[in-house]
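1. this one's structure only:
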């Protein structure tokens, strides 16, 4: 199977049919994952867990390899039109990953759609790996429980205490270390996503966010903005929980644009509320007040809870 797959891929590369190539990759991942889990019932419980772990790790790494190859594909496609934007293929928070992507052709859109589907499967499997290999999956806990800041009153607003350094997000900017790129001097070096990712919670969270950034980027290229907004909102909640308000603000602002355009008023109100919480202690007073005013627009007040309107 692997030989036939390799020959197929080689021919499709020469025929320059990236979408067909990715369709074969999706089928290959599904088939190989099923093969790896054959005879699972005949094994002991520990052997079953180990087999499932290895199969999940293979799928995650294979999907990441495809994503890295796509970086080279999209980079070559944009070299002529925009040579200054080469680093957009690198999935770091120093790149403008969450901004609206430029117009892409139908072929590139289809390629990005297939890659985002593969990466989403990898994301779900990575979460399962975190459940199985860590004492407690911090991201799973964050998904299941209500945000901790909602269980207590907000601190009094003190705009005079907000320094210009906080407003500019200086502390956040120092955290934006550039991750290793899949592309090095025009050649492609393999990047192991799962390296040191299951040995500690911090390593797991870092790799999970890197994978989410790639999914969001590909989803935007594929014009799947609703899916990208949902995942980006989860990333924003993660940053908020960690106290990184500037990163959370960046995420929530982009999510709000999608919700407003699609008239998802309840989701729009919820994310406005979360954005206001972040801006309350970090943003300039004008930015914070602008968000508060948006919370009481006619469309929003029709779906807001009575308690929020009274407050």
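-> Yes, it's here. These numbers come from a predicted model, not from an experiment.
2. can you list contacts of stretch 132-143?
-> By Cβ atoms under 8 Å, 6 or more residues apart in numbering, the residues outside stretch 132-143 that reach it are 49, 52-53, 127, 130-131, 198, 201, 204-205, 208, 234, 237-238, 241. In short, each C-beta sits where N, CA and C put it, glycine included.
3. where is pLDDT lowest across those residues?
-> When the contacts of stretch 132-143 are compared on pLDDT, residue 198 comes out lowest, with 85.
4. residues contacting it?
-> 129, 130, 133, 134, 204.
5. put the buried members of these into a ChimeraX selection.
-> In ChimeraX syntax, the buried subset of the contacts of residue 198 is picked out as below (16 or more other Cβ atoms under 10 Å):
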select :129,130,134,204
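6. save the contacts of residue 198 as TSV, and put in distance to residue 20 and secondary structure too.
-> Output for these, formatted as TSV (distance: Cβ to Cβ, whole Å; DSSP: H, G, I helix; E, B strand; the rest coil):
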residue	distance to residue 20	secondary structure
129	30	helix
130	33	helix
133	36	helix
134	38	coil
204	34	helix
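7. residue 106: how many residues sit nearby?
-> By other Cβ atoms under 10 Å, the residues close to residue 106 number 8.
8. check residue 55 too.
-> Residue 55: 18 neighbours (other Cβ under 10 Å).
9. give me every residue that touches it.
-> 33, 36, 37.
10. out of the residues you listed, which is nearest to residue 193?
-> Residue 193 lies nearest to residue 33 out of the contacts of residue 55, by Cβ to Cβ, at 16.7 Å.
11. test my guess that that closest one contacts residue 57.
-> No - under the criterion of Cβ atoms under 8 Å, residue 33 makes no contact with residue 57, lying 11.0 Å away.
12. distance of the nearest residue to residue 112 once chain neighbours are set aside from residue 250?
-> Computed as Cβ to Cβ, 6 or more residues apart in numbering, the closest residue to residue 112 that is not its neighbour in sequence is residue 221, at 3.6 Å. From residue 221 across to residue 250, the span is 19 Å (Cβ to Cβ, to the nearest Å).
13. do residue 19 as well
-> Using Cβ to Cβ, one gets 32 Å for the distance from residue 19 to residue 250.
14. out of the two, which sits in the busier spot?
-> Each of residue 19 and residue 250 has its neighbours counted (other Cβ under 10 Å); residue 250 has more, 23 against 16.
15. from residue 238, how far out is residue 142?
-> Distance of residue 142 to residue 238, computed by Cβ to Cβ: 6 Å.
16. more neighbours: the two, which one.
-> Between residue 142 and residue 238, residue 238 has the larger neighbour count (other Cβ under 10 Å), namely 21 against 17.
17. list of residues touching the strand or helix carrying that one?
-> Using DSSP states H and E, residue 238 maps to helix 225-242. The contact list for helix 225-242 (Cβ under 8 Å, 6+ apart) reads 98, 116, 139, 142-143, 147-149, 205, 209, 212-213, 215-216, 219-220, 245, 247-248, 250-252, 254-255, 258-259, 262, 271, 274, 277-278.
18. got any ranges where the stretch 101-250 of the chain has weak pLDDT?
-> Low-confidence segments of the stretch 101-250 of the chain (pLDDT under 70): 101-104, 159-188.
19. for it, what spans make up the strands?
-> Taking DSSP state E, counting those that start in this stretch, the strands of the stretch 101-250 of the chain run over residues 183-184, 187-188.
20. which residues touch residue 130?
-> Taking Cβ under 8 Å, 6+ apart, we find residue 130 in contact with 137, 139, 140, 198, 204, 208.
21. any idea how many residues pack against the first one?
-> Counted with other Cβ under 10 Å, residues neighbouring residue 137 total 21.
22. and stretch 15-22, what's buried?
-> For stretch 15-22, by 16+ other Cβ under 10 Å, it's 18, 19, 20, 21, 22.
23. ditto for stretch 105-115
-> So for stretch 105-115, counting by 16+ other Cβ under 10 Å, buried means 108, 109, 110, 111, 112, 113, 114, 115.
24. before we move on, back to that, closest to residue 267 out of the contacts of residue 198?
-> Nearest to residue 267 out of the contacts of residue 198 is residue 130 (Cβ to Cβ; 26.4 Å).
25. picking that back up, hmm, the residue nearest to residue 112 is touching residue 107, no?
-> No - between residue 221 and residue 107 there is no contact under Cβ under 8 Å: 11.3 Å.
26. identify the contacts common to the two.
-> When contacts are counted by Cβ under 8 Å, 6+ apart, residue 221 and residue 107 have no shared neighbour.
27. which parts of the host helix or strand of residue 258 are buried?
-> Per DSSP H and E, residue 258 falls inside helix 245-262. By neighbour count on 16+ other Cβ under 10 Å, the buried set for helix 245-262 is 245-256, 258-260.
28. same question for stretch 283-292.
-> The neighbour-count check on stretch 283-292 (16+ other Cβ under 10 Å) flags 283, 288, 291 as buried.
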